Each structure stands twice: as structure tokens, then as C-alpha cells.
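1. heads up, no residue letters with this:
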DNA sequence: CGTCAAACGGGACGGGGTTCCGTTTGACGA
DNA sequence: TCGTCAAACGGAACCCCGTCCCGTTTGACG
């Protein structure tokens, strides 16, 4: 657990540790069924704690979401350089990486929507995604641009916001395949005319 | 006024007519400053009516939004065939029409977001946009496909949802230009490889 | 085993959407 | 002009939800 070494420096009470774990488990479960905007009380109830306990451990909902998905975001970030090394061209590496990102987003009920929210409470979340993933995307994008495979002046941030936006609402309403739209967007990177 | 003939069949009280007009004006003004999800009370206050009066005239927020923007949506719908007739190729007509649609969306604070919302209260709105604009887009898309300018199997609904999604949050957060992203998406329609 | 700060839980508060109900008012016929 | 009455009104009431507060519990440590 990567949590352990963070806590190790200053010991906390055993019940606090237990509750934090229970909250993470409960939140993960509730997010799956009710989305990342599920009522705080639902999460607290499932974890068997009071509502204040959530705020004590995770001051904003963004902090809770980050904690729940940190592992997967890290994995996505680490996949970038690997793809760049293993793919035939930078463009295919970029396309594959974006596929990973899309897979991550569309399987998280409502996460894409909340990522673009202008709600002040989600700025942490937005910042975390930007800090962690935009540099990765930038490297892929730069590589593809230098290879002459891409002719638009889009920044990595713009591209990722566009991809994120296309994923909004992908899990519901039949007849909308976010993956397909993203494919078209990525195909559009290759031409400027 | 196209409203007149609708009401003509069954006369209503003068104050009811007046309030409906005041509400439309107030809503339009509030939507500009606070977005389409502005508190009901704000709109009622600006119109100088009670909150219940809003619900009496517009049972759901979607009905109010539709009423406020109906003219512009109609104009957008009517522009489709005109562009098809006046543009050199169907693809350029489609691109120009999508520009119109994007211009409409990005100037309406939060409308794009609400369009994709899964909130049951907005189903009317979603349905109205689909009913009115998807057929127009379908004609443009079919024409471009028949002309061999487009090689993706995207439906008009998918395309429009994608465009709508890309417009979410376009009015805030510098460094994101929805128009540019949509250009890339539309450029992507031309190639499948 | 006693102490005490950390941690807890659930209720209170505030804001926003929706509904209810007693009051007002416009339309219309006498 | 005036009386009648249903349409329409306004705002308070209600409910849900996020957030905060405060009296109580509990784990750590000497």
C-alpha cells in the first residue's frame, strides 16, 4: 500500500486508519453504482461512519475521487513513455495512449463530467489530472509533431480536454460511442486543411 | 410573434400573458449572466413574479430553455438546406453548419452541458434539439457521404453529440477553444485510416 | 488504570428545487 | 356598472443535499 509510507511519519489512531480504508472501499463501490457525484451520506452510510468523518479524511469530494482513482491514473501516466518506446510511430503511441485514457474515463460513471466542472470544489481534481497526465500527453504529442505526423497546433491540454469532453455521458444513452468520436478526433490531428 | 397564433385558439388572462413574456425576458437576461442553470428564484425575482408562476408556465426548466432559444434553434435548422444549396460542396456546407451550431452553443452559458445531462428534467430539451436539428444534420452528412467526402460511419446524432460535448465549458477556462477542437473533429471525418 | 487530545456521529444550518394553499384579479354575463 | 368565480398568483413550506458544529467516545501512552 502506498498509503502506509505517507502515514508512517506520524502515527494515527487505529480507528482513523480503519475508517479511511473503509471510506475508500465504500466510495469505490458507490461510485460504480451511483457515479462520482453520489450523495455524501450514501458513502458514509456504506462505510458505516458519520458524514463528518468523510470531511475529516477528505476535505473535498475531489480529494476522495483522487484517492480512489490514484492508482489507475498513475498507471495511465506510466504507460505513456512505454508506448512511445514500443510503438512503431509516435502517432500510434499517442493514439494508443488516448485509448487507455478513454477506457479509464468511460468506465468511471460521471468522472469525465466532473473533470470539466467549473465547481470550485473540483479544482483539486482538475489540477491533479492536469499535473499528472498533461506532461505525458505533451511528450507524445511533441514526438508525433516532430515526426511530422501531426499538423495542428493543439496543445496537450486542449487535446485532453477535448477527449475528456467527448467521454461525457458515454456510459448511458445508447447510440453514442465515445471511443469512435475520439478516433475521429485523433484522425483529425493529421490534417489541417 | 409566433406565440400569438398558439394562444389565439384559447384566450388566457392578460396577466398570464404578461407574466409569460416577463419570464422569457428575465430568463434570457439571467441565462446570459448566470448560465442556464441559474436558480429559479433569481429568474422569478427578476421577472417580478413568484416561483410558482414559473412552474405554471414552464413545468420543467427544459421548457423554459426551449422557449428562450426556440427562435435561434429554428434559424439554425433552416440554415442547413440553405448552406447545402449555396456551398461549393456538401462537406463545406456541413462544416459551415456545424460552425453555426457551435457559435450558438458556446454563447449560451452552460447550455451544452445541460444538453448532455442525464437529469430526467432535461429530456424535453434533449428531445427538442434532436428532433429539430438531427434531421438537418443527417441531410448534410448524407450529402457529404454520397459525394465521397466522408468516410466514417458516424450518425448525425453521434456527430452532434460529439460537437455538443466539445462545447462544454468552452466559455470559461482560457486555453480551450471549442471551435478549434470541433474543426479537428470535422477534419477527422474525412479519413478512416 | 487515568488522562486527554484525536476522532467520531449525528443533528443543525443553508441553499436550491418543487409544491401547496390562501388570496387576488381579470373575464364575462347580468 | 357590478357580481361572480375560476384562473392565476405569491411566497411560505417541504424535501434533499452539502457542510459545519458540538457533545461524546475512544485509542494511545505514561
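-> Yes, it's here. Worth saying up front: this structure is predicted, and the values here are computed from it rather than measured.
2. And the closest residue to residue A:166 other than its chain neighbours, what's its pLDDT?
-> Take residue A:166 and drop its neighbours on the chain: the residue closest to it by CB to CB, 6 or more residues apart in numbering or on different chains is residue A:181, 4.7 Å away. In short, each C-beta sits where N, CA and C put it, glycine included. The per-residue pLDDT reported for residue A:181 equals 98.
3. So what's the residue count around the residue nearest to residue A:191 when sequence neighbours are not counted?
-> Closest residue in space to residue A:191, ignoring its immediate chain neighbours: residue B:187 at 5.2 Å, by CB to CB, 6+ apart. If you count neighbours by other CB atoms under 10 Å in any protein chain shown, residue B:187 ends up with 21.
4. what's the helix or strand for residue B:187?
-> Assigned by DSSP states H and E, residue B:187 falls within helix B:178-188.
5. Going by neighbour count, list what's buried in that helix.
-> Buried residues in helix B:178-188, counting neighbours by 16 or more other CB atoms under 10 Å in any protein chain shown, are found at B:178, B:180, B:181, B:182, B:183, B:184, B:185, B:186, B:187, B:188.
6. Equivalent analysis for stretch A:18-34, please.
-> A:19, A:20, A:22, A:23, A:24, A:26, A:27, A:29, A:30, A:31.
7. same question, stretch A:100-118
-> Within stretch A:100-118, the residues that count as buried by 16+ other CB under 10 Å are A:100-102, A:104-106, A:108-117.
8. Among the residues you listed, which are located in helices?
-> Mapping the buried residues of stretch A:100-118 onto helices (DSSP state H) picks out A:100, A:101, A:102, A:104, A:105, A:106, A:111, A:112, A:113, A:114, A:115, A:116.
9. if you skip the residues just before and after it, what's nearest to the third one?
-> Distances taken as CB to CB, 6+ apart put residue A:182 closest to residue A:102, at 5.3 Å, once the chain neighbours are dropped.
10. if I look at the one you found, how far off is residue A:28?
-> Distance of residue A:182 to residue A:28, computed by CB to CB, to the nearest Å: 25 Å.
11. Which residue ranges make up each domain of chain A?
-> For chain A, automatic domain parsing gives the domain ranges A:1-58, A:61-193.
12. TSV for those, including distance to residue B:154?
-> Conversion of the domains of chain A to TSV gives the following (distance: least, CB to CB, whole Å):
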stretch	distance to residue B:154
domain A:1-58	27
domain A:61-193	7
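13. which one of these is the most hemmed in?
-> Burial of the domains of chain A is given as mean neighbour count (mean count of other CB atoms under 10 Å in any protein chain shown); domain A:61-193 ranks first at a mean of 18.
14. Mind telling me which residue of chain A is nearest chain B?
-> The nearest approach of chain A to chain B comes at residue A:188, 3.0 Å away (CB to the nearest CB).
15. That residue is in contact with residue B:182, isn't it?
-> No - the pair residue A:188 and residue B:182 fails to qualify as a contact (CB atoms under 8 Å) at a distance of 9.5 Å.
16. low-scoring pLDDT stretches of chain A, where are they?
-> The model of chain A has pLDDT under 70 over residues A:1-11, A:193.
17. what about the helices in it?
-> A:2-8, A:14-34, A:40-47, A:51-57, A:61-86, A:90-106, A:111-116, A:123-146, A:156-166, A:178-188.
18. could those helices go into TSV alongside distance to DNA strand D?
-> Output for the helices of chain A, formatted as TSV (distance: least, CB to the nearest atom of the strand, whole Å):
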stretch	distance to DNA strand D
helix A:2-8	12
helix A:14-34	3
helix A:40-47	4
helix A:51-57	3
helix A:61-86	6
helix A:90-106	21
helix A:111-116	12
helix A:123-146	12
helix A:156-166	22
helix A:178-188	25
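19. Quick one: closest of those to residue B:47.
-> Among these, helix A:111-116 comes nearest to residue B:47, with 30.4 Å by CB to CB.
20. Other residues contacting that closest one?
-> The contact list for helix A:111-116 (CB atoms under 8 Å, 6 or more residues apart in numbering or on different chains) reads A:36-37, A:65, A:69, A:105-106, A:122, A:125-126, A:129, A:161, A:164-165, A:167-170, B:113, B:116, B:168-169.
21. What parts of chain A come near DNA strand C?
-> Neighbours of DNA strand C within chain A, by CB under 7 Å from any atom of the strand: A:12-13, A:15-16, A:19, A:48-53, A:56-57.
22. shouldn't residue A:65 be in contact with residue A:125?
-> Yes - counting by CB under 8 Å, residue A:65 touches residue A:125, with 5.7 Å between them.
23. Quick check: residues of chain A near chain B?
-> A:113, A:116-118, A:152, A:154-155, A:157-158, A:161-162, A:165-166, A:168-169, A:172-173, A:175-177, A:180-181, A:183-193 (CB under 8 Å from any CB of the partner chain).
24. mind running it again at 6 Å?
-> For chain A, the residues in contact with chain B (CB under 6 Å from any CB of the partner chain) are A:116, A:118, A:152, A:158, A:161-162, A:165-166, A:168-169, A:172, A:176, A:181, A:184-185, A:187-188, A:191.
25. For residue A:98, list the residues it contacts.
-> Each residue near residue A:98 by CB atoms under 6 Å, 6 or more residues apart in numbering or on different chains is listed here: residue A:163.
26. again with residue A:152
-> A:189, A:192, B:184.
27. redo that, cut-off 8 Å
-> Per CB under 8 Å, 6+ apart, neighbours of residue A:152: A:188, A:189, A:192, B:180, B:184.
28. closest to residue A:140 among those?
-> Within those, the smallest distance to residue A:140 is 11.1 Å, found for residue A:189 (CB to CB).
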